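# predicted model and sequence follow; I will ask about them next.
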Amino acid sequence: MAIDVQFAKMNGLGNQIIVADMRGRADAFTPHAAVAINHDPATAFDQIMAIHDPATDGTDAFLRIYNNDGSEAGACGNGTRCVVQALAAETGKTAFTFQTIAGLLDAAEQEGGMVSVDMGRPRFRWDQIPLEEEFADTTGIELQIGPIDAPVLHTPSVASMGNPHAVFWVDRDVWSYDLERFGPLLENHPIFPDRANITIARVVDPEHIVIRTWERGAGLTKACGSGACAALVCAARKGLTGRTATVTVPGGDLLIEWRDDDHVIMTGPAEYEFAGLLDPATGQWQRQVEGANDNAGAGAG
Ligand SMILES: N[C@@H](CCC[C@H](N)C(=O)O)C(=O)O
């Protein structure tokens, strides 16, 4: 055990991301380390993006994605943009192919610094999301919260973007809903055997959706890229929007395009904050002083 993994604290529209360089190593983050790193306000995060050596020819890296409760996820749009920005700065390359536990994804840094990620094809079949029981129509499933005769949220659309999403459509301001209270109840509802990311969405017009997301394994976030993709594809399926829209998350805007070849492309920014070294077994870390050869500052242990 040693504090020897280089990391960058970054964010994608306020989605708090740790990009950790696990290349050349056989070990992996422990759930204990993820929880400990999140416990320190300086390194509190929504996801860790662990860059491992590629496992398949033709890919640049294998990405393992950890939520702040230590669980693993198949997709993280904002985190993938952060990884692209970090690797582009390191290598000078602008286009990458990554493998995750959910499949392959291509991503590229655009001129001007925005990053586009091909989030793959959405899946809508009940057993692909997955749901505990069969629903023929996943544009709106039977699920509600609040009084039985006056539900606060009901009939979500569901989709997998490599991870499970439920999108509840609302007419009022998305901030007028107590997502902190309803989020955990819905995330852990028995209809979702793998839990789910919970989004409330208001369609402003056919080219604009406003969302807030309670993330599975991470809680309230300022941005959820895969949630923005899920909102757009579910809205388009219901005829509420076209196949391209700006999705406004609390941290800013993402451009989401559901191409004719069925792939969903997400474009948005990524931002570097600071660098350090960490131990993926314990979560102990040290801040790296820019321009200095040594490290200073102590972190969580
Ligand atoms: N922040 C993410 C999604 C992260 C994964 C999620 N919490 C899960 O467990 O599925 C994004 O930007 O897509």
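Noted; the coordinates are in hand. Residues are numbered from 1 along each chain as shown.

# where along the stretch 201-301 of the chain do the helices fall?
Along the stretch 201-301 of the chain, counting by DSSP state H, counting those that start in this stretch, helices occupy 225-237.

# flag every residue of it that's near the ligand.
On the criterion Cβ under 6 Å from any ligand atom, the ligand has as its neighbours in the stretch 201-301 of the chain the residues E215, R216, G217, A218, C224, G225, S226. Glycine gets a C-beta too; all of them are placed from N, C-alpha and C.

# got CSV for those residues, with pLDDT too?
CSV is the format used below for these (pLDDT from 0 to 100):
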residue, pLDDT
E215, 98
R216, 98
G217, 97
A218, 97
C224, 97
G225, 97
S226, 97
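
# identify the residue nearest G268 in space, chain neighbours excluded?
Leaving aside its chain neighbours, G268 sits nearest to L254 (4.3 Å; criterion: Cβ to Cβ, 6 or more residues apart in numbering).

# greatest separation within the residues of the stretch 201-301 of the chain next to the ligand: which pair is it?
The distance between the two most remote of those (Cβ to Cβ) is 15.1 Å, for G217 and G225.

# more crowded one of those two?
In this view G217 and G225 are compared by other Cβ atoms under 10 Å, and G225 has more residues nearby, 29 against 20.

# ok so, going back, who wins for neighbours among the residues of the stretch 201-301 of the chain next to the ligand?
C224 (37 neighbours).

# start to end distance for stretch 253-263?
20 Å (Cα to Cα, to the nearest Å).

# mind listing what's buried along that stretch?
Residues of stretch 253-263 classed as buried under the neighbour-count rule (16 or more other Cβ atoms under 10 Å) are D253, L254, L255, I256, E257, W258.

# is it correct that the third one is in contact with T244?
What that stands for is L255. Yes - because the distance of 7.5 Å satisfies Cβ atoms under 8 Å, L255 is recorded as touching T244.

# just for the stretch 1-150 of the chain, where's the confidence low?
Within the stretch 1-150 of the chain, the set of residues satisfying pLDDT under 70 is empty.

# got the residues of it near the ligand?
Counting by Cβ under 6 Å from any ligand atom, the residues of the stretch 1-150 of the chain lying close to the ligand are N15, D46, Q47, N67, A73, A75, C76, G77, N78, G79.

# show me the chain divided up by domain.
Taking automatic domain parsing as the criterion, the chain consists of the domains 5-120+270-287, 144-262.

# mind checking how far the first one is from the chain centre?
Domain 5-120+270-287 has its C-alpha centroid displaced from the chain centroid by 11 Å (Cα atoms, centre = their mean, to the nearest Å).

# what about it, start to end distance?
The stretch domain 5-120+270-287 measures 12 Å between its terminal residues, going by Cα to Cα.

# quick one: which of the buried residues of stretch 253-263 is nearest to H52?
Distances from the buried residues of stretch 253-263 to H52 were compared by Cβ to Cβ; the smallest belongs to L254, at 26.3 Å.

# so what's the closest residue to G227 other than its chain neighbours bridging to?
When the adjacent residues along the chain are set aside, G227 lies closest to T213, with 4.0 Å between them (Cβ to Cβ, 6+ apart). With DSSP bridges applied, the residues forming beta bridges to T213 are T199.

# and T213, how far from G77?
Summarising the geometry, the distance separating T213 from G77, computed by Cβ to Cβ, to the nearest Å, is 11 Å.

# same deal with V210?
Between V210 and G77 the distance is 17 Å, computed by Cβ to Cβ.

# same thing with G227?
Separation of G227 from G77 (Cβ to Cβ) stands at 8 Å.

# point out where the stretch 201-301 of the chain drops to low pLDDT.
For the stretch 201-301 of the chain, applying pLDDT under 70 flags the ranges 291-301.

# mind doing that once more with 90?
289-301 (pLDDT under 90).

# now for the residue nearest to G268: which residues touch it?
In this structure, L254 makes contact with L13, G77, A223, G225, A228, T246, V247, M266, T267, G268, judged by Cβ atoms under 8 Å, 6 or more residues apart in numbering.

# so the nearest residue to P156 once chain neighbours are set aside, which of the three states?
Once flanking residues are discounted, P156 sits nearest to A166: 4.1 Å by Cβ to Cβ, 6+ apart. Applying DSSP: H, G, I helix; E, B strand; the rest coil to A166 yields a three-state assignment of strand.

# so who does the residue nearest the centre of the chain touch?
Central residue check for the chain by Cα atoms, centre = their mean: the C-alpha nearest the mean position is that of C76, 3.1 Å away. With Cβ under 8 Å, 6+ apart as the criterion, the residues that contact C76 are I17, Q47, M49, I65, G225, S226.
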